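J.: this is a predicted model, with the sequence first.
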Amino acid sequence: MEKVLSSLASEDSLKIFREVKNGITNSTEAIRKLGLTQKRYYARLKPLIEAGLIEKTDKGYNLTFLGKIIYEILYRKLEKTLKNKDRISLIDKLNKAESLSKEEKEQIAEAISVKDKTIGYSDLFDGGIKPVGIITKFEEITAGVKRLIEKAEKEVYLATRYTDPTATEAILNCLNRGIKMYLLDGDKKNLSQKIQLIRLIFSHPRMIKLFYDIFRSPNVYTGYTDNLPYSFIVADGKYVGVEIPKPDSDEFFVGLFFENELLSRKLIEVFNLLTTKAKEDPRKEFSEKITPQSLNF
């Protein structure tokens with residue numbers, strides 16, 4: 001975060017960052033247009049590249065995927081939010097009013113809120129899903145995935161490179177509410193964790209039932225692929241969580257959570273493409289061996 005913010009911490013950097021939104025194919029022309037010297041231009045361009053916001057290609061300079069997300073935050077969210085800071089100040093005062101109920105605050109906030117919903121009441125007061133949330137700790141992205149599963153009202157697509165037994169109960173509760181679940185396991189590294197999970201299931205009858213209920217539910221699809229490049233989740237066709245691994249390894253680097261219907265559709269397309277070559281989840285095969293007698297406890 002410090003590297004990203006420091007790379008943008010000057011007027012020259014912001015000029016370049018905004019200019020590269022549509023691609024820079026000719027640096028000489030960009031330098032003239034931005035009113036910079038060649039030295040200032042390249043001095044500010046280098047940190048933006050090192051922070052992973054801009055990449056150099058055969059055609060010039062373009063925003064990376066991370067750069068596009070940060071651009072969205074700065075120029076679609078933050079800029080619009082700052083233009084409406086007076087209204088936001090009113091909402092801040094409203095939140096401190098002890099004499100009003102939550103419902104009354106919501107009604108008043110709705111009347112004075114920003115028209116394009118750049119920032120909503122729930123984002124400020126209820127800890128709801130933010131327009132964009134950047135996660136840098138692995139335990140926080142797993143918690144975010146569970147929150148999306150718990151909030152889902154129709155369907156969830158989850159493709160994951162990690163084994164996380166703590167999500168089991170959240171998934172089952174989702175299925176019990178009639179939510180459709182599409183699960184794709186792409187964890188090819190943590191075989192020891194899978195073995196530990198099986199041992200845990202055998203040693204805890206309640207876990208056996210949870211496991212059985214998930215993989216035998218008519219509301220769930222499960223599959224396994226060894227070709228999953230990153231983890232992602234889509235809830236109700238609009239809430240997205242996606243992982244960006246480290247460029248030089250398969251390790252977790254950063255996670256992003258936001259609301260975007262177009263990206264949701266694209267990720268569902270990716271999910272469906274992956275399932276065409278997916279194998280049966282080995283845990284489903286295991287669940288089929290569980291007898292009704294083993295569930296009596």
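T.: Received, thanks.
J.: residues in contact with the residue nearest to Glu243 when sequence neighbours are not counted?
T.: Once flanking residues are discounted, Glu243 sits nearest to Ser231: 4.3 Å by CB to CB, 6 or more residues apart in numbering. Backbone N, C-alpha and C define where each C-beta goes, glycine included. Contacts for Ser231 (CB atoms under 8 Å, 6 or more residues apart in numbering) come out as 159-162, 186, 242-243.
J.: strands along the chain, start to end?
T.: All strands of the chain, identified by DSSP state E, fall at 54-57, 60-63, 132-135, 155-160, 180-185, 220-224, 232-235, 239-245, 252-259.
J.: just the contacts of Ser231 now: which is nearest Lys77?
T.: Val242 (17.7 Å; CB to CB).
J.: so what's the residue lying closest to the closest one once chain neighbours are set aside up against?
T.: Distance criterion CB to CB, 6+ apart; nearest residue to Val242, sequence neighbours excluded, is Phe232 at 4.4 Å. Taking CB under 8 Å, 6+ apart, we find Phe232 in contact with 157-159, 240-243, 267, 270-271.
J.: most neighbours, which of the contacts of Ser231?
T.: In terms of neighbours by other CB atoms under 10 Å, these top out with Ala159 at 26 neighbours.
J.: residues near Val220, how many?
T.: 21.
J.: just checking, it touches Leu184?
T.: No - using CB atoms under 8 Å, Val220 makes no contact with Leu184, being 11.4 Å away.
J.: including pLDDT and distance to Lys33, could the contacts of Ser231 go into JSON lines?
T.: Output for those, formatted as JSON lines (pLDDT from 0 to 100; distance: CB to CB, whole Å):
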{"residue": "Ala159", "pLDDT": "91", "distance to Lys33": "42"}
{"residue": "Thr160", "pLDDT": "88", "distance to Lys33": "44"}
{"residue": "Arg161", "pLDDT": "85", "distance to Lys33": "43"}
{"residue": "Tyr162", "pLDDT": "80", "distance to Lys33": "45"}
{"residue": "Gly186", "pLDDT": "79", "distance to Lys33": "44"}
{"residue": "Val242", "pLDDT": "90", "distance to Lys33": "34"}
{"residue": "Glu243", "pLDDT": "89", "distance to Lys33": "37"}
